[in-house]
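Student: the sequence and its predicted three-dimensional model are supplied below.
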Amino acid sequence: MIFGMELVAASEPEVSEFQSRKLLDAAEDQSGSRPKRLFIAREQTAEQLASVAESMNIKVVRMGRDELAPLTKEAIEGFAAHVSGGRLQ
């Protein structure tokens, strides 16, 4: 399940440690338990997020974007609809 998102400025190389903790804490608050695994695309720079997750005893699994597509497709489409005002691209 996807429990949250964090917007990161395009000028930033990756999610900060603070944003990472905020995101993982929000996932725990929403689900009622700490996530067991965090899937991150191999192509994504996310060393801070991975480090914070590992410090919280969350297993980090790196996968290719194509492998993650079945897990992220609905969220990506929903976000696209949201930012486009509900219009399909």
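Tutor: Thanks, I have the structure now.
Student: by contact count, what packs against the helix or strand bottoming out on mean pLDDT in the chain?
Tutor: Taking mean pLDDT, DSSP states H and E as the measure, the chain has helix 65-83 as its least confident helix or strand, at a mean of 85. Applying 3 or more C-beta pairs under 8 Å, 6 or more residues apart in numbering; DSSP states H and E, we find helix 65-83 packed against strand 37-41. Any C-beta I mention is one placed from the backbone N, CA and C, and that applies to glycine too.
Student: contacts for the strand it packs on?
Tutor: By C-beta atoms under 8 Å, 6 or more residues apart in numbering, the list of residues contacting strand 37-41 from outside reads 24, 46, 49-50, 53, 58-65, 68, 71.
Student: how far is it from where the chain is centred?
Tutor: 8 Å (C-alpha atoms, centre = their mean, to the nearest Å).
Student: one step back: with only the CA atoms kept, save the least confident helix or strand of the chain in CSV.
Tutor: The C-alpha coordinates for helix 65-83 follow below in CSV (Å, rounded to 0.1, in the frame of the first residue of the first chain):
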residue,chain,number,x,y,z
ARG,A,65,10.9,1.0,-12.3
ASP,A,66,9.3,-1.6,-14.6
GLU,A,67,9.1,-4.1,-11.7
LEU,A,68,7.4,-1.4,-9.5
ALA,A,69,4.9,-0.3,-12.2
PRO,A,70,2.2,-2.7,-11.0
LEU,A,71,2.5,-1.3,-7.5
THR,A,72,2.6,2.4,-8.5
LYS,A,73,0.4,2.6,-11.6
GLU,A,74,-2.8,3.5,-9.8
ALA,A,75,-1.1,6.1,-7.6
ILE,A,76,0.6,7.7,-10.6
GLU,A,77,-2.6,7.9,-12.5
GLY,A,78,-4.5,9.4,-9.5
PHE,A,79,-1.8,12.0,-9.0
ALA,A,80,-1.8,12.9,-12.7
ALA,A,81,-5.6,13.3,-12.6
HIS,A,82,-5.4,15.4,-9.4
VAL,A,83,-2.8,17.9,-10.8
